[in-house]
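>>> predicted structure and sequence below. I'll ask about it afterward.
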Amino acid sequence: MDSPKNQPKNIDEYIASFPPDVQKILSQLRGVIHAAAPEATEKISYQMPAFHQNGVLVWFGGFKDHISFFPTGDGVSAFEGELGHYKHAKGTIQLPLDEPLPVELITRIVKYRVEAVAQGKKHGKASG
């Protein structure tokens, strides 16, 4: 784990820490999330980029062979039938670096999370 002084303070710093080809994909994903949730704010949470609107909507992170998109458990389960060949588990979807981002699917997942969080569901569980 990086020391606190090496940890990114914002999403720009996070993206800049990757090679240029990965930066391009991370920036594209960031833009897709912004377009789907224009009122969301950015922050670093769990040392990864996160988008927050009445609670955390989604996270994403860069890895050696893929980008992980973390729309929480309910964000994955609600779209499980549409994830096809993407590796996924509770709360995460792996997006290969050598394939185009599934922009339309990511957009629908983010919009779903905006609505779910607004209704009090966070991380796949109803609050209260």
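Looks like it arrived, so ask away. Residues are numbered from 1 along each chain as shown.
>>> every contact and neighbour count from this point should use C-alpha atoms.
Noted.
>>> shaky segments in the protein?
Residue ranges of the chain with pLDDT under 70: 1-5, 121-128.
>>> if we use 50, what do you get?
1-3, 124-128 (pLDDT under 50).
>>> that one: helices as residue ranges?
Under the criterion DSSP state H, the chain contains helices at 11-16, 20-36, 72-77, 103-118.
>>> among those, which comes closest to Gln47?
Nearest to Gln47 among these is helix 11-16 (8.7 Å), distances taken as Cα to Cα.
>>> what sits up against the closest one?
Helix 11-16 has contacts (Cα atoms under 8 Å, 6 or more residues apart in numbering) with 8, 23, 26-27, 42-44, 48-49.
>>> just the buried ones from the residues you listed, in PyMOL syntax?
This is how PyMOL selects the buried members of those, with burial counted by 16 or more other Cα atoms under 10 Å:
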select buried, resi 8+23+26+42+43+44+48+49
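>>> dump the contacts of helix 11-16 into CSV; add distance to Tyr14 as well.
Converted to CSV, those look like this (distance: Cα to Cα, whole Å):
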residue, distance to Tyr14
Pro8, 5
Gln23, 9
Leu26, 9
Ser27, 10
Glu42, 12
Lys43, 11
Ile44, 9
Met48, 7
Pro49, 7
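>>> mind naming the longest strand for this structure?
Using DSSP state E to define each element, the chain has its longest strand at strand 56-62.
>>> from the chain's centroid, how far away is that one?
Distance of strand 56-62 from the chain centroid (Cα atoms, centre = their mean, to the nearest Å) equals 3 Å.
>>> show me what it is packed against.
Other helices and strands packing on strand 56-62, by 3 or more Cα pairs under 8 Å, 6 or more residues apart in numbering; DSSP states H and E, are helix 20-36, strand 48-52, strand 66-70, helix 103-118.
>>> redo these as JSON lines? Include distance to Val58.
Formatted as JSON lines, the helices and strands packed on strand 56-62 follow (distance: least, Cα to Cα, whole Å):
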{"stretch": "helix 20-36", "distance to Val58": "9"}
{"stretch": "strand 48-52", "distance to Val58": "6"}
{"stretch": "strand 66-70", "distance to Val58": "5"}
{"stretch": "helix 103-118", "distance to Val58": "7"}
